[in-house]
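S.K.: based on what follows, work out the 3D shape:
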Amino acid sequence: MSDVRAAQRGPAPRGADSFLRMWRELLPVGREAGAAGYRRYAWSEADAACRAWFQGEAEARGFTYEVDRNGNQWAWLGNPADGDVVVTGSHLDSVPDGGAFDGPLGVVSAFAALDELRARGSALRRPVGIVNFGDEEGARFGLACVGSRLAAGQLTPEAARELRDADGVSLPKAMERAGYDPDAIGPDLERLSRIGAFVELHIEQGRALDLSGDPVGVASAIWPHGRWRFDFHGEANHAGTTRLEDRHDPMLTFANAVLAARKKARLAGALATFGKVAVEPNGVNAIPSLVRGWLDSRAADEETLAAVVEEIECAATERGHRDGVGVTVTRESFTPVVEFEHALRDHVAKLLGRPVPVLPTGAGHDAGILSASVPTAMLFVRNPTGVSHSPAEVAAEDDCLAGVTALADVLEGLACP
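M.R.: Down below sits the predicted model:
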């Protein structure tokens, strides 16, 4: 038996007080001068500062702190070796110029929720853990959820070691520079086997809660989604001397693919976005030899997703024939549909004490990766703008604190039966 009060150091702050303090302290980290939003990339200086913050919060509370073989950070209250652990948390990294809430809200709320349980005098009868999964966004190496994928065995060490950032730096080299051992990466199934439930709190990436008027909701499922790299191979030439009819311009083919993606997704009720592009030789007065675009696509079911991507590829290939441009497509990542375990999902909703919306999401999360290994659930906090992966992402203070209370209620119900 583990008692949450045993690790208490002095008077216990309420969850609201500790949340506001932690939020203020973490807010400046990764906000570069002149940047629109946050740049907390994996294994960077900003990432190191976030990790130091996490370690400091864990140790200040007397929690047991450790880093696993894949660089994921863990804080334990009670002995995880006892098994049936209740874990919460999220990630601290960001997309390029991302908002403040995506990821950090879940980690800060996790610490604050345990502070709330201390203040209540709740006695935990199961161990509890908080986790910060590394490289969830995939902003640096192009693959999302690297930390949780490695831990769950969904990404092999060999494939991980081949990942490169835009400067050609490999994942192992980046880890090594940050002071971690890249030779240790790999499945962490023993650790995951100790987890009885994982509950991730996250800002909603949409406006469903704003439209329903609810500060908190529960996730039902995550749409299947993936990333595909489209390479458009043309012929470099002079922009000022080459006749239009003599060109093999891959930019034209790429532009047509962007429009096709929008049309095919709209007709199928899906989502498809070319959000990243690289051009060679990337000169103002040069026709490109290569345009490389990355497609992110999501749909309510895997059949629809496969059909949409195939239609986009066919449209790109057909246009490429007309432009004299070669088109190759490589699937770089794929996550199947995630149906959160109904029993845990319904129990979590019941623990909130009042009816709340149960809604699907098109965004991927570490909870979705772990769902194949452990029972998982998610809480969403209202986002009135519906904007995510942008500085316009926002949540009201009252809603954030409602999320802390909701997470505390869930942890208390799961760990204090």
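S.K.: contacts, neighbours, all on C-alpha from now
M.R.: OK.
S.K.: packing partners of the longest helix anywhere in the chain?
M.R.: Under DSSP state H, the helix in the chain containing the largest number of residues is helix 302-323. Using 3 or more CA pairs under 8 Å, 6 or more residues apart in numbering; DSSP states H and E as the contact criterion, the neighbours of helix 302-323 among helices and strands are helix 250-268, strand 290-298, strand 326-335.
S.K.: any weak-confidence spans in the stretch 251-400 of the chain?
M.R.: Counting by pLDDT under 70, the stretch 251-400 of the chain contains no low-confidence range.
S.K.: which residues sit against the host helix or strand of residue 22?
M.R.: Using DSSP states H and E, residue 22 sits in helix 15-26. Applying CA atoms under 8 Å, 6 or more residues apart in numbering, the set of residues contacting helix 15-26 from outside is 50, 53, 108-109, 111-117, 119, 401, 404-405.
S.K.: got the buried residues for it?
M.R.: Using 16 or more other CA atoms under 10 Å as the burial criterion, the residues of helix 15-26 that qualify are 15-16, 18-20, 22-23, 26.
S.K.: and those residues as TSV, adding pLDDT?
M.R.: Output for the buried residues of helix 15-26, formatted as TSV (pLDDT from 0 to 100):
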residue	pLDDT
15	91
16	93
18	96
19	97
20	97
22	98
23	98
26	97
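S.K.: pull the CA atoms of stretch 130-141 into CSV?
M.R.: These are the backbone C-alpha positions of stretch 130-141, laid out as CSV (Å, rounded to 0.1, in the frame of the first residue of the first chain):
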residue,chain,number,x,y,z
ILE,A,130,4.0,10.9,-14.1
VAL,A,131,5.7,10.6,-17.5
ASN,A,132,7.2,13.1,-20.0
PHE,A,133,7.5,11.2,-23.3
GLY,A,134,10.4,12.4,-25.5
ASP,A,135,10.0,13.7,-29.1
GLU,A,136,6.2,13.3,-29.3
GLU,A,137,5.8,15.9,-32.0
GLY,A,138,8.5,14.6,-34.3
ALA,A,139,9.5,18.2,-35.2
ARG,A,140,13.2,17.4,-35.5
PHE,A,141,13.4,14.0,-37.0
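S.K.: show me how this protein divides into domains.
M.R.: As given by automatic domain parsing, the domain ranges for the chain are 4-223+337-415, 226-335.
S.K.: how distant is the last one from the center of its chain?
M.R.: The offset between the C-alpha centroid of domain 226-335 and the centroid of the whole chain comes to 25 Å, using CA atoms, centre = their mean, to the nearest Å.
S.K.: for the longest one, same thing?
M.R.: On the basis of CA atoms, centre = their mean, domain 4-223+337-415 sits 9 Å off its chain's mean C-alpha point.
S.K.: residue 77 contacts residue 125, correct?
M.R.: No. Residue 77 is beyond contact range of residue 125, at 10.7 Å (criterion: CA atoms under 8 Å).
S.K.: who's more crowded, the two?
M.R.: The residue with the greater number of neighbours, taking residue 77 and residue 125 and applying other CA atoms under 10 Å, is residue 77; the counts read 25 against 17.
S.K.: give the bridge partners for the more buried one, please.
M.R.: The partner list for residue 77 in beta bridges (DSSP bridges) reads residue 128.
S.K.: and residue 151, that's in a helix?
M.R.: Yes. The assignment for residue 151 (DSSP: H, G, I helix; E, B strand; the rest coil) places it in a helix.
S.K.: please identify the most buried of the domains of the chain.
M.R.: Most buried of those by mean neighbour count (mean count of other CA atoms under 10 Å) is domain 4-223+337-415; its value is a mean of 20.
S.K.: host element of the closest residue to residue 352 other than its chain neighbours?
M.R.: Across the structure, with CA to CA, 6 or more residues apart in numbering as the measure, the residue nearest residue 352 apart from its sequence neighbours is residue 406 (6.0 Å). Using DSSP H and E, the element containing residue 406 is helix 397-415.
S.K.: quick one: that helix to helix 15-26, angle?
M.R.: With axes from the mean of the first three to the mean of the last three CA atoms, to 10 degrees as the basis, helix 397-415 and helix 15-26 are set at 120 degrees to each other.
S.K.: for helix 397-415, output the C-alpha coordinates as CSV.
M.R.: Output of helix 397-415 as CSV, limited to C-alpha atoms (Å, rounded to 0.1, in the frame of the first residue of the first chain):
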residue,chain,number,x,y,z
GLU,A,397,-7.3,29.6,-16.7
ASP,A,398,-10.6,28.4,-15.2
ASP,A,399,-10.7,25.6,-17.7
CYS,A,400,-7.1,24.5,-17.0
LEU,A,401,-7.9,24.4,-13.3
ALA,A,402,-11.1,22.4,-14.1
GLY,A,403,-8.8,20.0,-15.9
VAL,A,404,-6.6,19.7,-12.9
THR,A,405,-9.6,18.9,-10.7
ALA,A,406,-10.9,16.4,-13.2
LEU,A,407,-7.6,14.6,-13.5
ALA,A,408,-7.3,14.5,-9.7
ASP,A,409,-10.8,13.0,-9.4
VAL,A,410,-9.8,10.4,-12.0
LEU,A,411,-6.5,9.5,-10.3
GLU,A,412,-8.2,9.3,-6.9
GLY,A,413,-10.9,7.0,-8.3
LEU,A,414,-8.3,4.8,-10.0
ALA,A,415,-5.6,4.7,-7.3
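S.K.: need the contact partners of it.
M.R.: By CA under 8 Å, 6+ apart, the residues outside helix 397-415 that reach it are 15-16, 19, 86, 105, 109-110, 112-114, 116-117, 122, 124-128, 201, 215-216, 348, 351-352, 379-382.
S.K.: which members of those residues occur in helices, if any?
M.R.: Among these, the members falling in helices (DSSP H) are 15-16, 19, 105, 109-110, 112-114, 116-117, 348, 351.
S.K.: how about those residues in CSV, adding distance to residue 82?
M.R.: Shown next, in CSV, are the ones in helices among the contacts of helix 397-415 (distance: CA to CA, whole Å):
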residue, distance to residue 82
15, 27
16, 30
19, 29
105, 28
109, 25
110, 21
112, 24
113, 22
114, 19
116, 24
117, 21
348, 23
351, 24
